[in-house]
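**Student:** What shape does this take:
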Amino acid sequence: MTSGAMITVTRDVDAVLIPLGTPVMIPENAQVMITQELGGSYTVSVNGNLARIEGKDADALGLDGEKTTEVADSTSSDSKPASGPVNEDEVWNVLKTCYDPEIPVNIVDLGLVYDCHVVDTDEGGNHVDVVMTLTAPGCGMGPFIVDDVRQKILSVTNVSDVHVDLVFEPPWDRAMMSDEAKLQLGMF
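**Tutor:** A predicted model of the protein is given here:
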């Protein structure tokens, strides 16, 4: 783990400002500090701002080969509808690899996932429906977290489609966090 060390970016790299969700480019030779490296992405501090860098760009942080995206590319056009059962525990396990880029706790333990279930489709595939929220309704990182959830669930065997419904009722509060998350964040 390289969190806390100053790193010189080895090439221009695309990133997203946290919490706004604004795309930015961090230039080659910029100094960044990794503040979080969970779920296949990196949160870095750069010029007094936080930014998220995708795992596929780990080489720009000098981490070539150390960290790769945990999910295979599930958007290939040659894939056929998945058939067979889906292990719902596996779906929940991949949800636990999704993180809010500002909080070092997965979205399940944060209490952001309200519901997740598998539905058999008429075409023989399996559709996964997820109902989730964010810690704050105006969080610009919402689309990135939702996309992370979608892509990781699509990597689960026999999942053919994913729908993520982002809701704000009931509103999230700290009481929804697991005891493990509260302990990890020093809230006990």
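
**Student:** Name the residues of stretch 102-115 that come out as buried.
**Tutor:** With burial defined by 16 or more other CB atoms under 10 Å, the residues of stretch 102-115 counted as buried are 102, 103, 104, 105, 106, 107, 108, 109, 110, 111, 112, 113. To be clear about C-beta, it is placed using only N, CA and C from the backbone, and glycine gets the same treatment.

**Student:** Shouldn't the second one be within a helix?
**Tutor:** No. Residue state for residue 103 (DSSP: H, G, I helix; E, B strand; the rest coil) corresponds to coil; a helix is not indicated.

**Student:** which residue sits closest to it, ignoring its sequence neighbours?
**Tutor:** Distance criterion CB to CB, 6 or more residues apart in numbering; nearest residue to residue 103, sequence neighbours excluded, is residue 110 at 6.5 Å.

**Student:** From residue 25, how far off is that neighbour?
**Tutor:** The gap separating residue 110 from residue 25 is 29 Å, by CB to CB, to the nearest Å.

**Student:** Next: residue 130.
**Tutor:** Counting by CB to CB, the gap from residue 130 to residue 25 is 31 Å.

**Student:** Comparing the two, which shows the higher neighbour count?
**Tutor:** Using other CB atoms under 10 Å as the criterion, residue 130 and residue 25 rank with residue 130 on top: 21 against 11.

**Student:** Am I right that the more buried one falls within a strand?
**Tutor:** Yes. Read with three-state DSSP, residue 130 is one of the residues of a strand.

**Student:** ok, it touching residue 163?
**Tutor:** Yes. At 7.1 Å, residue 130 counts as touching residue 163 under the criterion of CB atoms under 8 Å.

**Student:** Where does residue 122 sit: helix, strand or coil?
**Tutor:** coil.

**Student:** What count of nearby residues applies to it?
**Tutor:** 5.

**Student:** Identify the residues contacting the residue nearest to the spatial centre of the chain.
**Tutor:** Centroid check for the chain by CA atoms, centre = their mean gives residue 98 as the closest residue, at 3.7 Å. Going by CB atoms under 8 Å, 6 or more residues apart in numbering, residue 98 touches 39, 106, 107, 108, 145, 148, 149, 152.

**Student:** That one and residue 118: what is the separation?
**Tutor:** From residue 98 across to residue 118, the span is 17 Å (CB to CB).
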